[in-house]
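Engineer: model the structure of this input:
(one chain, ligands or ions: 1)
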Amino acid sequence: MARDLGERNREWFARYKDDVKKEGKPFFPRAMLHDTIMGLVTILVMIGLAVVWYYDADGTEPGILGPWYTEPAEPGTTDFIPRPDWYFYFLFYLLRIFEWPETVFIATVGIPTVALVLLLGLPFYDRRPERRPSRRPVAMVAAVLTVVSMGVLTWKGATATEALGSELIELVPEWAEEQGFADDEQAVAGADLFAVSGCLNCHTYLGQGSANLGAPDLSAVGRTNDAAYFVQYLANPAQFGNTVMGSYSYLGQENLEALGAFLEASKGGG
Ligand code: HEC
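Structural biologist: Next up is the predicted model:
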């Protein structure tokens, strides 16, 4: 290279300043006025859509922009699979590649942080004035790799299938077999709920879960009490002297009865 980089940069900078003087438009007030007008238009459109949506729909009757709501949320549901919006699928899939808990840090903090720092640092380490894509092989390869990897991750995230709620739910058929309640639909539904409601964070059941806060193993709890008792117990554990376990009354009576049937059917197997 005949000339050093600093000299060339100064030359380009002078040319840039010249251009600005000749053809540039001042940031204040021109650009700011445009931004303000465009911002106002966007907000007004949003308010307009909200007003049309609200007044065109009537409670449960849908309008042209959809209903107020579809159906009340069901806190006890066991067949809802939580998924992010599509533009987060790439992050969502990263979380499946790096698994909890050993490597999850790489996906949640590591990779996104490195990418952001690289992006923020771009003006500081990419200082050549050259902008033609054919003369910037490193930047072009990096850009293509980014787009391709995000595309692949988004695709994988979009087509990934999920175990229902949690992996524990896959054990329900095994439990039903061992405890002999496979033909009892209500008990199986209760077992599904049991698997996804966090009970196994404190209780153990047929070797699963972890024993915490003094919670007993529930594999054979059905030997000592019946469904009606468990329904009352789950609705208000404090009444039975259990101040560790929260109330599960929010699950609703039907779900509590399913849990009760499941617990009653849990007689230790064998
Ligand atoms: C935060 C921890 C925790 C969670 C979560 C929890 N429990 Fe408990 N549970 C306990 C503790 C502690 C006891 C024992 C209280 C005592 O000995 O008085 C208990 C007792 C029970 C009992 C009574 C056992 C007996 O022998 O009478 C049942 C039944 C029970 N839990 C079911 C459940 C179900 C079903 C869930 C999930 C819907 C659940 N628990 C979630 C902590 C928990």
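
Engineer: residue contacts, residue 257?
Structural biologist: Going by CB atoms under 8 Å, 6 or more residues apart in numbering, residue 257 touches 186, 190, 227, 231. C-beta: built from backbone N, CA, C; applies to glycine.

Engineer: list the buried ones in the strand or helix carrying it?
Structural biologist: In the assignment (DSSP states H and E), residue 257 maps to helix 253-265. By 16 or more other CB atoms under 10 Å, the buried positions in helix 253-265 come out as 255, 256, 257, 258, 259, 260, 261, 262, 263, 264, 265.

Engineer: residues of the stretch 101-250 of the chain that sit close to the ligand?
Structural biologist: Neighbours of the ligand within the stretch 101-250 of the chain, by CB under 6 Å from any ligand atom: 194, 197-199, 201-203, 213-216, 218, 221, 225, 230, 233-234, 241-242, 244-245, 248.

Engineer: can you give me the distance of residue 172 to residue 189?
Structural biologist: Residue 172 sits 9 Å away from residue 189 when distances are taken as CB to CB, to the nearest Å.

Engineer: again with residue 140
Structural biologist: According to CB to CB, residue 140 stands 56 Å off from residue 189.

Engineer: for the two, indicate the residue with more neighbours.
Structural biologist: residue 189 (20 against 12; other CB atoms under 10 Å).

Engineer: so the helix or strand where the more buried one lies versus helix 253-265, what angle?
Structural biologist: Assessed by DSSP H and E, residue 189 sits inside helix 185-196. Interaxial angle of helix 185-196 relative to helix 253-265 (axes from the mean of the first three to the mean of the last three CA atoms, to 10 degrees): 90 degrees.

Engineer: what residues does helix 185-196 touch?
Structural biologist: For helix 185-196, the surrounding residues in contact (CB under 8 Å, 6+ apart) are 76, 78, 164-166, 168-169, 171-172, 175-176, 181-182, 200, 205, 251, 255, 257-265.

Engineer: tell me where the protein has helices.
Structural biologist: In the chain, the segments counted as helices under DSSP state H are 5-23, 32-56, 89-97, 104-105, 111-125, 137-159, 172-179, 185-196, 227-235, 253-265.

Engineer: pLDDT (mean, whole number) over stretch 156-166?
Structural biologist: Taken as a whole, stretch 156-166 has a mean pLDDT of 69.

Engineer: same check, this time on stretch 32-51
Structural biologist: Average pLDDT, stretch 32-51: 96.

Engineer: next one: that stretch to chain centre, how far?
Structural biologist: Remark: stretch 32-51 is offset 30 Å from the chain centroid, using CA atoms, centre = their mean, to the nearest Å.

Engineer: make 732 the first number, not 1, from now on.
Structural biologist: Fine by me, first position is 732 from now on; the one you just mentioned is stretch 763-782.

Engineer: low-confidence stretches in this protein?
Structural biologist: Within the chain, the stretches with pLDDT under 70 are 732-734, 805-813, 831, 893-897, 1001.

Engineer: okay, now the domains of it?
Structural biologist: 747-802, 812-893, 898-996 (automatic domain parsing).

Engineer: just how off-centre is the longest one within its chain?
Structural biologist: Read it as domain 898-996. 27 Å.

Engineer: residues contacting residue 951?
Structural biologist: Applying CB under 8 Å, 6+ apart to residue 951 gives the contacts 997, 998, 999.

Engineer: give me the number of residues near the first one?
Structural biologist: Each residue near residue 997 was counted by other CB under 10 Å, and the total is 26.

Engineer: now swap in residue 828 and tell me
Structural biologist: Look at residue 828: counted by other CB under 10 Å, it has 13 neighbours.
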